[in-house]
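1. My questions are about this predicted structure, shown below with the sequence.
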Amino acid sequence: MDFIITALLDALSLTTFLSVALGVLIGIVIGAIPGLNAPMAIAVAIPLTFTMAPLAAIGMLVGVMKGGGFGGAIGAILLNTPGEPHSAATTLDGHPLAKSGKPRKALQTALYSSVVGDSCSDLVLILLAPTLAIFALQAGPVELAAILIISLTLIASLSGKSLAKGIFAAAFGALLATVGVDPETASPRFTFGFVELFDGLPLAAVAIGVLAVPEIIMRLQEGRHYRRRDVEAVATEARQDRLTLSEFLALKMPIFRGAGIGTAIGALPGLGTTLAAFLSYAATKRFSKQPEKLGTGATEGIAATESANSAVSGANLIPLLTLGIPGNLTAALLVGAFLIHGVTPGPLIFQRDAQLIYGLFAAMIMANVMVLVIGSFGLRVFALIVKVPPYVVYPIVLLLCVVGIYVSQGGFFAVWLMLGFAVLGYLMVRLEISVVCFIIGLVLGPMIELSIRQSVVLLSRNPAAIFDHVFALVLVVATPFVAWILVRDRARLSDG
Amino acid sequence: MAGKGGTKRTTGPTRPVELNQDLVLGLVITGFGLLLIFWIIPAQVNDGGSFGLPPSLAPKSLAWLMVAMGAVLTVQNLKIHGDPGRGLTRVDVAYLAASVLSVAFMLVLMQWVGDWAGRPYVGFLVAAPAGLVLFTLLHTGAPLWVYLFNAVAAPLAIYIGFWWGLRLPLP
């Protein structure tokens, strides 16, 4: 109990408070810029956290994640330009409502629903994660290896159009995770004589290289062909362009339904925010008294999608903190941030770094409050961000990527690496190879290798001992079947 | 992304038979996997002196997995002509090359001027405006004031933020 109180005090310190506030601000601003999104914002912000204390650093990145979630809705509503696929669901009602002269009402609905959805999933995380971690601690390396393999297969099956490309991306990411000194023999692998590679590839350089830089290059490539789709709003009285308390309370069902769907989906690796947003939208349409209004600017539609996709972010930390498995790209980048600050995600985190984790829980709640406060007061300013011309934004963001990596890694080597990975990322996007699978493979690679090595050592003396690990055996046998079922169902859906 | 331009699925006799990019990709992945197994891994991973599992086990297993996935992709696309998706066009490749060269030029200039001057921020203050002008040129269609703004105001703001705000040195 003492460490919980100490953790709360840590979270309430001025440093953590300011870091979380800065993170939320960065997240909303970057998320609001068309083409940029929350994972990119985290990738760009990671280098800024190198000199910070672990709680302040991770709190800031959580702030970026939560702020970025709401920031994406700003571009989706005002410009009909979703920064992430899940924001496409928000455009269905958000943009028509903004066009009808109520952009503020649309943004307020998105903000409040997002904060409620996020808070609900954070509460589930706080209540469930410590208990689940106790169960996870019972798992040995054999079970962990089986869980990691099925999780990675699930993610590969659900990301992108082709399973073969998804598995290739994950395998390639895991292969690059072997760069550096081998943990058992201390002999270098794939270092090509560069001492800088002995500690492995710097995650920040790889993440910014494959995520942010290719997107910037593609946006620059759109060039003069880019046409801004500003809201040509119908003139409306100011008091009509506001979400009243009674209107907000009337949205409780879509919001809580969305929060439930988002939390359930977020807790399972690989399913992602897009599925949550569209499922919640479909469920709201199914149960709505006026389903014909959805798609024409109904606040119900915005509330359903925003609460669901925000709820995914908190729930995604359940597999991350209890098993060390990142369920999506944002969580994978957070794993990188945890490792940079000397914290290894997994069930032992509740024993080894309990104070930090409870501090993080407090920082998550604090971040939700800040999204609400900063979002409410800065709504007009953030609405202006989407109007900054792309030829101003993207060249500067590209320079910031270079500067951020130079500062965080202390030299040009990582910047050149970032540039190389930018080429790889661009080709992957154009050839429809999942960057998500690649990054998750890169993050999970060392864990999978270690647990498989430990399993082989454990079982090598007595291979029949595999039958003592029934849970792991079931998972390993089920993995190809689960992948086959998922791929088959997706093929049917796309044919339909 | 599908259907936005670039190569399209060949459906009629008037359209020339186009190369299926996924087929080529499958072959490239297979070739890369084999290159890893037979050349790069033996050259870069030393198994001598290992007492447990050899350090090359994970890289080799992953490379074989890549070979298998490349083969699957190749077989899946053997009978499909053309590319059903947007794919990679020559314009994309040219644009990517121009972007990478712009960043590389800025980095080389920054490194060279920084080493020559031997003082923090000299390389940055010389190379960043040049880089930003190039990046803005890549966008095409930007008005003149944007070049001025990007070349002067943006590097100054970054310089103030990183040096005066965070006390972090740049080249």
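-> Everything's here; your move. Residues are numbered from 1 along each chain as shown, chains lettered A, B, ... in the order given.
2. quick check: mean pLDDT across stretch A:379-399?
-> In this model, stretch A:379-399 carries a mean pLDDT of 83.
3. can you pull the buried residues of it?
-> A:379, A:382-383, A:385-386, A:390-399 (16 or more other C-beta atoms under 10 Å in any protein chain shown). The way it works is simple: take the backbone N, C-alpha and C, and place the C-beta from them, glycine included.
4. wait, which of these is closest to B:Gly52?
-> Within the buried residues of stretch A:379-399, the smallest distance to B:Gly52 is 44.7 Å, found for A:Leu398 (C-beta to C-beta).
5. Number of residues surrounding the nearest residue to the closest one once chain neighbours are set aside?
-> Nearest residue to A:Leu398, sequence neighbours excluded (C-beta to C-beta, 6 or more residues apart in numbering or on different chains): A:Ile216, at 5.0 Å. The tally of other residues near A:Ile216 (other C-beta atoms under 10 Å in any protein chain shown) stands at 25.
6. Point me to the helix or strand that includes A:Ile216.
-> Using DSSP states H and E, A:Ile216 falls within helix A:213-222.
7. What are the contacting residues of that helix?
-> By C-beta atoms under 8 Å, 6 or more residues apart in numbering or on different chains, the residues outside helix A:213-222 that reach it are A:34-36, A:40, A:226, A:390, A:394-395, A:397-398, A:401, A:418-419, A:421-422, A:425-426, A:428-429, B:92, B:95-96, B:99, B:135, B:138-139.
8. Buried by neighbour count: which residues of it qualify?
-> A:213-221.
9. got it, and stretch A:177-197?
-> So, applying 16+ other C-beta under 10 Å, buried residues of stretch A:177-197: A:177-182, A:184-185, A:187-191, A:197.
10. Just confirm A:Leu459 is within a strand.
-> No: according to DSSP: H, G, I helix; E, B strand; the rest coil, the state of A:Leu459 is helix, so it is not within a strand.
11. shouldn't it be in contact with A:Val142?
-> Yes: if you go by C-beta atoms under 8 Å, A:Leu459 and A:Val142 touch, sitting 7.2 Å apart.
12. Those two: who's more crowded?
-> A:Val142 (24 against 16).
13. Quickly find the element holding that one.
-> helix A:141-158.
14. C-terminal to that helix, which secondary structure element comes first?
-> Next element after helix A:141-158 (DSSP H and E): helix A:163-176.
15. I'd like to know which elements the next helix or strand after that next one is packed against.
-> For helix A:163-176, the succeeding helix or strand toward the C-terminus, using DSSP H and E, is strand A:180-181. Contacts defined by 3 or more C-beta pairs under 8 Å, 6 or more residues apart in numbering or on different chains; DSSP states H and E place strand A:180-181 against strand A:188-189.
16. can you tell if the strand it packs on touches chain B?
-> Yes: using C-beta under 8 Å from any C-beta of the partner chain, strand A:188-189 reaches chain B at A:188-189.
17. What residue in chain B comes nearest to chain A?
-> B:Gly141 (3.1 Å; C-beta to the nearest C-beta).
18. does that residue count as helix, strand or coil?
-> coil.
19. What is the neighbour count of it?
-> Counted with other C-beta under 10 Å, B:Gly141 comes out at 13.
20. Work out the gap between the longest helix seen in chain B and the centre of the chain.
-> Scanning chain B for the helix with the most residues, using DSSP state H, yields helix B:90-117. Centroid separation between helix B:90-117 and its chain, computed with C-alpha atoms, centre = their mean, to the nearest Å, is 12 Å.
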